[in-house]
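Chemist: Return atomic coordinates for the entry below.
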Amino acid sequence: RVLVQGIWSCPTDITPNSGSQVIFWDIEPDRAGGVRFYGRDLDHHLVYSYWSNGAFQTELFLVPGFTWPQSFGTLLDAGDNLHVYRNASVPVPGGSVSGLYHLCLDSSLNWDSEQILSGYDSIGNGSFMAKDSTGNVAFGWKEYNASDFSLALLKGCSQPVRKSAQLPESTRWGDLSAVALSSQPGKFCALVEIPFNFQTQGLACARILD
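Modeler: Sure thing, here's the model as predicted:
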């Protein structure tokens, strides 16, 4: 359904003609006014459809080289690159930690190789992600009761750049609650719980997009 000059148009059905063979996991509008459909077939392979200008330009295209994991999240950035991320165990010397894995499908439907954005770090209660209007994507994580948090920054499907920032040590910090990213003025902000203070959050921002 489209809003034109303050008047809603009649709704249009843009469901891909997949029958029961494809389950769509993610449906994303893009910056060109199109809609991107990402799903899986019965063998858990990635299937892609693209609707634009009143018709499907691509429908039920099987994207090779990827099988959907059991649990994952997705994010479409401003450059129409699809980021697929998941939390999973990472082997480290002496044991393992909960880490953040990442794959990127570019706008031409080419995969990069899977990376562990968190390295040997533990991501605590999980990771949070944000994007801005220029194609930057950020993933953030921290351990409970730690004053520092870590970031992985990407521009499209580029190699991630690791950053770290520190919260004031005068306060005890809990889990990360949310993150935000802005290319203007080039800052990353984190919202962090303050333990034992009901519904109280602390906000810290760092300039990281120089």
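Chemist: Touching, M129 and T74? I think so.
Modeler: No: if you go by CB atoms under 8 Å, M129 and T74 don't touch, sitting 10.0 Å apart. (Glycine included, C-beta is placed from N, CA and C.)
Chemist: in the protein, which ranges drop under the pLDDT threshold?
Modeler: Scanning the chain for pLDDT under 70 picks out 1-6, 198, 209-210.
Chemist: any common contacting residues for M129 and T74?
Modeler: When contacts are counted by CB atoms under 8 Å, 6 or more residues apart in numbering, M129 and T74 have H83, Y85 as shared neighbours.
Chemist: ok, these two, which is more surrounded?
Modeler: M129 (20 against 15; other CB atoms under 10 Å).
Chemist: phi, psi of that one?
Modeler: Main-chain torsions, M129, degrees, to the nearest 10: phi -130, psi 160.
Chemist: what about the longest strand in this protein?
Modeler: The longest strand of the chain (DSSP state E) is strand 55-67.
Chemist: ok, then the element right after that strand?
Modeler: Sequence-wise, the next helix or strand downstream of strand 55-67 (DSSP states H and E) is strand 73-76.
Chemist: Just the buried residues of that following strand, please?
Modeler: Residues of strand 73-76 classed as buried under the neighbour-count rule (16 or more other CB atoms under 10 Å) are L75, L76.
Chemist: ok, now stretch 84-91?
Modeler: V84, Y85, R86, N87, V90.
Chemist: Dump it to PDB, keeping only the CA atoms.
Modeler: The C-alpha trace of stretch 84-91 is given here as PDB (Å, rounded to 0.1, in the frame of the first residue of the first chain):
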ATOM      1  CA  VAL A  84      23.100 -12.400   8.800                       C
ATOM      2  CA  TYR A  85      24.300 -12.800  12.300                       C
ATOM      3  CA  ARG A  86      24.000 -15.500  15.000                       C
ATOM      4  CA  ASN A  87      25.200 -16.200  18.600                       C
ATOM      5  CA  ALA A  88      27.100 -19.400  18.900                       C
ATOM      6  CA  SER A  89      30.000 -21.000  20.800                       C
ATOM      7  CA  VAL A  90      33.500 -20.000  19.900                       C
ATOM      8  CA  PRO A  91      36.400 -22.200  20.800                       C
END
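Chemist: on that earlier part again, pick the one among the buried residues of stretch 84-91 closest to L153.
Modeler: The shortest approach to L153 among the buried residues of stretch 84-91 belongs to Y85, at 13.9 Å (CB to CB).
Chemist: wait, isn't the closest one in contact with F139?
Modeler: Yes: the pair Y85 / F139 is scored as a contact, 7.0 Å apart, by CB under 8 Å.
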